[in-house]
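Visitor: Here is the input, now give the coordinates:
(chains A and B)
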Amino acid sequence: MRTTHDQMTSPIRIVHYVNQFFGGIGGEERADTELLIREHPVGPGVGIARALGERGRIVATLIGGDNYFTERMDVARSAALEAIERYRPDVVIAGPAFNAGRYGMACGEVCKAVTETLRIPSVTAMSPHNPAVSLYRRSTYILPTGESAASMPHILPRLTAFAHRLAIGDAIGPAEREGYMPRGIRGIILDERSAAQRAAEMLKAKLTGEPYQTEIPVEVFQPVSPAAPLQDLTTATIALVTTSGLVPRGNPDGFKSMNESRWATYPVKHLDALAPDEWEPIHGGYDARFARENPNRVVPLDVLRELENEGVIGRLHADLIVTVGVGTPVEVCQRMGEEIVDELHRANVSAAIFTSN
Amino acid sequence: MQLDVGTFPINSIVFDHHTRLDGDTLRINRHELIQMIQEDPCIERAEIELAIPGESTRIIHVCDAIEPRIKVSGPGVCYPGLMGPVDTVGRGVTHRLGGMAVVLSAEYPRLIETGVGAAHEAILDMSGPGALGPIAHTLNLVLVLALASGYSQGDYNRAVQLAGLKVAHRLAQTTEGKAPPLRRRYELTPVDTTLPKVVYISQFYTQLNLPAPYLTWYGMYITDWMPLWVHPNEILDGALIPGAVGGDAVRPSSWEYVNNPIIARLYEAHGEALAFLGVIVHRTRFEVFEEKQLSANQAAKLAKLMGADGAIVTWIGAGNAFIEGMLTVQALEREGIKTVFMTYEHGGQEGWEAPLMFTVPEADAIISVGSLDRAITLPAVERVIGGDELCLDPEASGERVPAAGELRLPWRLPIASGIDHWGFGRLTCIEY
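Guide: Here you go, the predicted structure:
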């Protein structure tokens, strides 16, 4: 594990990762090269060492073949981690990988692993178009480069300076200011101007055709296409799924009324309807008094049971699936949705009726 | 419509034998005010405390914060419909006490156990990381109200709100006959017709059939309303204020309504950079998607009829009401009206998750006022006003915790004015 670095006295220790090509082993014909260790700067590491000067040194260079790393990732990752741990670096640098896809993956994977497993800060550099960017930008710092090694002289001093700051524990500011690729982490800061002033100025710019930059880039969600209709209701198993927060009285799982991240199943197999003295809504986002009076208003178990008894539907699924749908982040909702789908698939449910509130 | 607002900046509040304004010191006879409040049978007991910015003080059970305003000439009253007739306000002379608020603290009995009608805890710290909104930086006269048993939630809401409005009115009366140190005229004068015309669409959520109104217009419960074109001066005179059931982060206080900084900014720019056409008050949080779409379309249509070239849209609330926000941006842009939208972000406790829960591609100019979701720890305080204990999540555990202790909040919802919906402050989010 990392020890606190005394930035005033000792030079920093760097482990540098490169592929077989930049490691001087060979081209594509040597892409299967297993992890090699050199206790000195190699290839771009020479430029890093030069930029670093007296401030630190590369204590080891790890060299891995592109195919070795991407095709045997678990093995390669373990080998890299083991070596890096041994050299106790203050920071790990990988690349630059430019627009080389497999090399970018290896750089991203090494950085991700050391940062997540060994808690050692890491930085890599590659082209914004490298496919590894979208996979690893959340896990490490990625500095943008040109498409090819022609941009090497430009990137090495910046990469070195950034790595040095990470090693000495310097606070890294927002992506745009610091020049790394946005990691998708939204951090709260204080602007110089009030939000009302910024709004008026942004509107003025938009009206007069001057440039302006939105403060929240909009991600347009993928529309969800509905599953194909059932062919035959009379043989179908129908489940009831709800975000209305309807739970057995007493709230046995302690659901919160907002921002819940869990879901639960409650048996309803023996019930013909949901009784108000046995069920209650836990929900901060709608006027729940009507659901409290008659829980079947938000979960129509009574009608579904009738339909089952009349043979209109084959069977009502034995469990009611419940969460509290209010104030929960989209990713958490997606995760719960996927888990619920798995549960329904396991139980061979053919269709679900999803009620909100 | 010409409104002169005279401001009397208040720099200290002291308890005294007579309620009067003494330069920038407001002297208050506590007993007189307490007696006035206790005339209402819904209020069993009232106490009055003072909370000063920077103090290690926490106010709990916050229901609202009201700025003392009084109409000294011209039609109607401030806070019309609640404090007097519904004459159209926004004209004449209004006095306000600047830099202070009457804060209402009352713990509602749990008559409504869950849902949007239920009262939820709201905390106002006067210093530290929780002192987020403008009402953490005002001199706060806190009315601590113990509610009598046996009344409905609607009765309590009315009683708590009127206690605040009456005290605010009494305090603002101290300015009568005095010349305000600061004076500002608000008028939508005719301006250069080539300036871009801008409307402010202020969205508010409410619901039908709540036991107490979330929001009132001249005292009238806003229910299934379509967007309404109003004069900004009506808002400055308190025609639009929230109820007093709970003042958590997604329900701005009355103080914020009458000091809306978007209105202030657009007035400043009126005749200079743009022509301010007025405000569209837009009720949101409809139950059905078609209703949401309809209300968004109607707001855009109204803006078009007003001749708007541009619009600023703000919203309040959580989740559901956000849909109308985005749909309105889309409807406005489709009408050719350039739009800026102001919102807080989600993003989860660490900021990794999606900042917005629903988007339209037309929303290309958004102002961020920070995040609701980030965890925040309120440190222990020396003094608590409003009680000894609070309950942060009555539905989940019902656990009551000491109010003076450290409070680890998983998000900012329980902080009174913890979200800056209208852009008073400088908080924003940026990508790391």
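Visitor: Any buried residues in stretch A:213-225, and which?
Guide: Within stretch A:213-225, the residues that count as buried by 16 or more other Cβ atoms under 10 Å in any protein chain shown are A:Thr214, A:Glu215, A:Ile216, A:Val218. Yep, even glycine has a C-beta here, placed from its N, CA and C like the rest.
Visitor: right, I mislabeled it, should have said stretch A:334-353
Guide: For stretch A:334-353, burial by neighbour count (16+ other Cβ under 10 Å) applies to A:Met336, A:Ile340, A:Glu343, A:Leu344, A:Val349, A:Ser350, A:Ala351, A:Ala352, A:Ile353.
Visitor: Could you pull up the mean pLDDT of that stretch?
Guide: Computed over stretch A:334-353, the mean pLDDT rounds to 94.
Visitor: Take it, keep the C-alpha atoms, and write them as CSV.
Guide: Extracted in CSV, the C-alpha atoms of stretch A:334-353 (Å, rounded to 0.1, in the frame of the first residue of the first chain):
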residue,chain,number,x,y,z
GLN,A,334,-31.5,0.8,-14.4
ARG,A,335,-29.6,-1.6,-12.1
MET,A,336,-32.8,-2.4,-10.1
GLY,A,337,-34.7,-2.8,-13.4
GLU,A,338,-32.1,-5.3,-14.7
GLU,A,339,-32.2,-7.2,-11.4
ILE,A,340,-36.0,-7.4,-11.4
VAL,A,341,-36.0,-8.6,-15.0
ASP,A,342,-33.6,-11.4,-14.0
GLU,A,343,-35.9,-12.3,-11.1
LEU,A,344,-38.9,-12.5,-13.4
HIS,A,345,-37.0,-14.5,-16.0
ARG,A,346,-35.9,-17.0,-13.3
ALA,A,347,-39.6,-17.4,-12.3
ASN,A,348,-40.7,-17.9,-15.9
VAL,A,349,-42.9,-14.8,-15.8
SER,A,350,-44.3,-14.0,-19.3
ALA,A,351,-45.4,-10.4,-18.7
ALA,A,352,-45.5,-7.8,-16.0
ILE,A,353,-47.9,-5.1,-15.1
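Visitor: Which residues does it contact?
Guide: Contact with stretch A:334-353 is made by A:227, A:230, A:235-241, A:261-263, A:265, A:300, A:304, A:314, A:317-319, A:321, A:323, A:328, as judged by Cβ atoms under 8 Å, 6 or more residues apart in numbering or on different chains.
Visitor: check which helix or strand covers B:Phe204.
Guide: For B:Phe204, the enclosing helix or strand under DSSP states H and E is strand B:197-205.
Visitor: Could you do A:Ile155 as well?
Guide: For A:Ile155, the host element (DSSP H and E) is helix A:152-167.
Visitor: ok so, going back, just the buried subset of the contacts of stretch A:334-353, please.
Guide: A:237-241, A:263, A:265, A:300, A:304, A:314, A:317, A:319, A:321, A:323, A:328.
Visitor: before we move on, the earlier item: close to chain A, is the following helix or strand past the strand holding B:Phe204?
Guide: Tracing the chain past strand B:197-205, the next element assigned as helix or strand by DSSP H and E is strand B:215-217. No - Strand B:215-217 is not in contact with chain A by Cβ under 8 Å from any Cβ of the partner chain; minimum separation 14.6 Å.
Visitor: Pull the residues that contact whichever helix or strand comes after strand B:215-217.
Guide: Using DSSP H and E, the helix or strand that directly follows strand B:215-217 along the chain is strand B:220-221. When contacts are defined by Cβ under 8 Å, 6+ apart, strand B:220-221 is touched by residues B:Gly81, B:Val86, B:Thr206, B:Pro213, B:Leu215.
Visitor: who does strand B:220-221 pair up with?
Guide: Strand B:220-221 has the following sheet partners, assigned by DSSP bridges: strand B:215-217 (antiparallel).
Visitor: Check the offset of the partner strand from the chain's centre.
Guide: 11 Å (Cα atoms, centre = their mean, to the nearest Å).
Visitor: Could you do stretch B:382-402 as well?
Guide: In terms of Cα atoms, centre = their mean, the centre of stretch B:382-402 is found 23 Å from the chain centre.
Visitor: need the contact list for B:Val250.
Guide: B:Val250 neighbours (Cβ under 8 Å, 6+ apart): B:Ile316, B:Gly317, B:Ala318, B:Leu372, B:Leu413, B:Ile419, B:His421.
Visitor: Same list (these) but as TSV, adding neighbour count, distance to A:Leu166 and pLDDT.
Guide: Formatted as TSV, the contacts of B:Val250 follow (neighbours: other Cβ atoms under 10 Å in any protein chain shown; distance: Cβ to Cβ, whole Å; pLDDT from 0 to 100):
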residue	neighbour count	distance to A:Leu166	pLDDT
B:Ile316	26	41	96
B:Gly317	22	41	90
B:Ala318	26	37	85
B:Leu372	21	31	95
B:Leu413	23	35	94
B:Ile419	25	33	97
B:His421	26	37	97
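Visitor: ok, so of those residues, who is nearest A:Met73?
Guide: The nearest member of these to A:Met73, counting by Cβ to Cβ, is B:Leu372 at 38.1 Å.
Visitor: The closest one and A:His129: what is the separation?
Guide: Using Cβ to Cβ, to the nearest Å, we find B:Leu372 at a distance of 35 Å from A:His129.
Visitor: related to what we said a few turns ago, out of the buried residues of stretch A:213-225, which sit inside strands?
Guide: Judged by DSSP state E, strands contain none of the buried residues of stretch A:213-225.
Visitor: Check those for the minimum pLDDT and say which it is.
Guide: Scanning these for pLDDT, the smallest score is found at A:Val218, 89.
Visitor: Assign A:Gln104 to helix, strand or coil.
Guide: Just so we're on the same page, residue A:104 is Gly rather than Gln. helix (DSSP: H, G, I helix; E, B strand; the rest coil).
Visitor: Around it, count how many other residues there are.
Guide: Residues lying near A:Gly104 (other Cβ atoms under 10 Å in any protein chain shown) number 30.
Visitor: And the one 3 residues further on, by the same measure?
Guide: Residue crowding around A:Cys107 was assessed by other Cβ under 10 Å; the count is 32.
Visitor: who touches the closest residue to it other than its chain neighbours in this structure?
Guide: Leaving aside its sequence neighbours, A:Cys107 sits nearest to A:Ala94 (Cβ to Cβ, 6 or more residues apart in numbering or on different chains; 3.6 Å). Listed by Cβ under 8 Å, 6+ apart, the contact partners of A:Ala94 are A:His16, A:Tyr17, A:Val18, A:Ala106, A:Cys107, A:Gly108, A:Val110, A:Cys111, A:Ser122, A:Val123, A:Thr124.
Visitor: at 10 Å instead, please
Guide: Residues near A:Ala94 by Cβ atoms under 10 Å, 6 or more residues apart in numbering or on different chains: A:15-19, A:62, A:64, A:80, A:103-104, A:106-112, A:114, A:122-126, A:136, A:140, A:142, A:159.
Visitor: what do you get for B:Ala131?
Guide: If a contact means Cβ under 10 Å, 6+ apart, then B:Ala131 has B:Pro53, B:Gly54, B:Glu55, B:Thr57, B:Leu124, B:Asp125, B:His137, B:Leu378, B:Ile415, B:Ser417, B:Gly418 as its contacts.
Visitor: The first one touches B:Met126, doesn't it?
Guide: Yes - at 5.6 Å, B:Pro53 and B:Met126 qualify as touching, with contact defined as Cβ atoms under 10 Å.
Visitor: Comparing these two, which shows the higher neighbour count?
Guide: When neighbours are counted by other Cβ under 10 Å, B:Pro53 and B:Met126 differ, and B:Met126 comes out ahead with 24 against 15.
Visitor: burial of the residue in the stretch 201-350 of chain B that chain A sits nearest to, as a residue count?
Guide: As assessed by Cβ to the nearest Cβ, chain A sits closest to B:Pro261 within the stretch 201-350 of chain B, at 3.8 Å. Residues within reach of B:Pro261, counting by other Cβ under 10 Å, total 20.
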